[in-house]
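1. I'll drop the sequence and a predicted model, then ask my questions.
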Amino acid sequence: MKKLISSLIFVVLLLSNSASYAQSYLMHTVQTGDTYTSISKKYNMNVDTIRSLNNDSGYYLYSGSLLKIKPIQNQKTISIKIDGKIISTDQYPYIENARTFVPIRFIAENLGANVSWNSVSQEAILEYEDKNIKLPLYSSTANINGSFVNLDAPINIYNSRTFVPVRFIAETFDCSVNWDSSNYVVDIKTKGYIPTHENLVNYNTPTYSSEDLYWLSRLVEAESQGEPYEGQLAVANVIVNRKNSELFPNDIKGVIFDDNYGIQYTPVANGRIYNTPSNISIQVAKQALAGHNNISTCLYFLNPKKSTNNWIVWNRSYFKTIQNHDFYL
């Protein structure tokens, strides 16, 4: 099996200059027992089309290898942004099982990590701050400082580059990662990043109302003044998540003033919601309303040092802590 996989990698290298790799693709990792027929049925694609797309003149498939199924919708190419700037990569991200995979070397190096490859153990090695990160090829487990961390999809190789699911970036480098589905952009924000006006003017045309911005910026100011940027953005995104949830009102003001669950935001009760927001609170609100989410699907937050109501702690699943706030799903 190892010889077959090595042969596959060699073939992938030979094909690296093929024009067929010009866009990002929906991919499939071959599993034991897969055939072209079973794969074509799974994706409702013609067998010959899949074989042609992969420059395959034979009929043999190798466990662990990647097959291109079709270009992603509208022939889009997935790009990667870090703190508002597009980074250059020699291989494009791809999508598999609704997950976006990215070339780890380019992202890691742009985030300040050193990257090397151990040809004996077949693993990428990243050195980042106080972390030693090992990414063994085809494994669904990474090794970080001797502790094993489960990934939501296996590490793989594509055109001689190591690819990981994008969620791994957020968890390992303490970044926020947002998927811009309209423009097919993996949007990464580093810890402590504060957007400038130049970054903001490049965002998509706002799809939110001035009233949404009015109330969300005030809630951010009242609830998270003095918090780090990522904490403020997380607070804003909880409100946006509620707005998009069937459990809560479908507008920002309605969410903020909602008390159907007996839990009302403190600034509403004490009147601080009416204070004028700072420029950074306005920028944070704009980011959240534009779809830059760093807190997943969390619907609740609280300051455990000040909260006197334990309903959230008892009834919701803890997600993470950012400085003074705990966030719950």
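-> Ah, there it is.
2. Buried residues of stretch 301-320, list them for me.
-> Going by neighbour count (16 or more other C-beta atoms under 10 Å), the buried part of stretch 301-320 is 301, 302, 307, 312, 316, 319. For every residue, glycine as well, the C-beta is placed using N, CA and C.
3. Now find how far off-centre it is within its chain.
-> With C-alpha atoms, centre = their mean, to the nearest Å as the basis, stretch 301-320 stands 25 Å off its chain's centre.
4. cool, and stretch 162-169?
-> The answer for stretch 162-169 is 9 Å, by C-alpha atoms, centre = their mean.
5. can you dump the C-alpha coordinates of it into PDB?
-> These are the backbone C-alpha positions of stretch 162-169, laid out as PDB (Å, rounded to 0.1, in the frame of the first residue of the first chain):
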ATOM      1  CA  THR A 162       0.100  19.300   2.500                       C
ATOM      2  CA  PHE A 163      -3.600  20.400   3.000                       C
ATOM      3  CA  VAL A 164      -5.500  20.600   6.200                       C
ATOM      4  CA  PRO A 165      -9.200  21.500   7.000                       C
ATOM      5  CA  VAL A 166      -9.400  25.300   7.500                       C
ATOM      6  CA  ARG A 167     -10.900  24.900  11.000                       C
ATOM      7  CA  PHE A 168      -7.500  23.600  12.100                       C
ATOM      8  CA  ILE A 169      -6.000  27.000  11.300                       C
END
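6. For it, give me every contacting residue.
-> 93-94, 99-105, 107, 117, 124, 135, 137, 142, 151-153, 155-157, 175, 177, 179, 186, 188 (C-beta atoms under 8 Å, 6 or more residues apart in numbering).
7. So among those residues, which ones count as buried?
-> Using 16+ other C-beta under 10 Å as the burial test, the contacts of stretch 162-169 include 93-94, 100-105, 107, 124, 135, 137, 142, 151, 153, 155-157, 175, 177, 179, 186, 188 as buried.
8. Okay, and which of the residues you listed map to strands?
-> Applying DSSP state E to the buried ones among the contacts of stretch 162-169, the entries found in strands are 94, 100-103, 124, 135, 142, 156-157, 177, 179, 186, 188.
9. Name the residues of stretch 25-41 that are buried.
-> The neighbour-count check on stretch 25-41 (16+ other C-beta under 10 Å) flags 25, 26, 27, 28, 29, 30, 34, 36, 39, 40 as buried.
10. what's near enough to touch the third one?
-> For residue 27, the contact set (C-beta under 8 Å, 6+ apart) comprises 66, 67, 68, 69, 94, 95, 96, 101, 158.
11. Apart from its neighbours in sequence, what residue is nearest the first one?
-> Take residue 66 and drop its neighbours on the chain: the residue closest to it by C-beta to C-beta, 6 or more residues apart in numbering is residue 27, 5.2 Å away.
12. what does the second one give?
-> Distance criterion C-beta to C-beta, 6+ apart; nearest residue to residue 67, sequence neighbours excluded, is residue 28 at 4.7 Å.
13. what secondary structure does the one you found sit in?
-> Secondary structure state of residue 28, per DSSP: H, G, I helix; E, B strand; the rest coil, is strand.
14. contacting residues for it?
-> 39, 42, 43, 66, 67, 69, 96.
15. so residue 79 bridges to which residues?
-> Residue 79 has the following beta-bridge partners by DSSP bridges: residue 185.
16. contacting residues around it?
-> Applying C-beta under 8 Å, 6+ apart, we find residue 79 in contact with 86, 92, 183, 184, 185, 186.
17. Buried ones among the residues you listed?
-> 92, 184, 185, 186.
18. Show me how far the host helix or strand of residue 267 is from its chain's centre.
-> According to DSSP states H and E, residue 267 maps onto helix 266-270. In terms of C-alpha atoms, centre = their mean, the centre of helix 266-270 is found 33 Å from the chain centre.
19. for stretch 107-119, same thing?
-> In terms of C-alpha atoms, centre = their mean, the centre of stretch 107-119 is found 19 Å from the chain centre.
20. so where's the stretch 101-250 of the chain uncertain?
-> Along the stretch 101-250 of the chain, segments meeting pLDDT under 70 span 194-207.
21. one more time with 90
-> 101-113, 129, 138-140, 149-161, 165-210, 222-231, 241-250 (pLDDT under 90).
22. Pop the domain breakdown of this protein in here.
-> 2-75, 79-189, 197-328 (automatic domain parsing).
23. I'd like the distance from the longest one to the chain centre, please.
-> For domain 197-328, the gap between its own C-alpha mean and the chain's C-alpha mean amounts to 20 Å (C-alpha atoms, centre = their mean).
24. repeat for stretch 156-166
-> Relative to where its chain is centred, stretch 156-166 has its mean C-alpha point 16 Å off (C-alpha atoms, centre = their mean).
25. Residue 35 reaches residue 61, doesn't it?
-> Yes: using C-beta atoms under 8 Å, residue 35 is in contact with residue 61, at 6.8 Å.
26. sorry, back to before: so can I have a markdown table of the buried residues of stretch 25-41 showing pLDDT and distance to residue 271?
-> Shown next, in a markdown table, are those (pLDDT from 0 to 100; distance: C-beta to C-beta, whole Å):
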| residue | pLDDT | distance to residue 271 |
| --- | --- | --- |
| 25 | 89 | 54 |
| 26 | 89 | 52 |
| 27 | 90 | 54 |
| 28 | 90 | 56 |
| 29 | 89 | 56 |
| 30 | 88 | 61 |
| 34 | 91 | 62 |
| 36 | 91 | 66 |
| 39 | 92 | 61 |
| 40 | 91 | 63 |
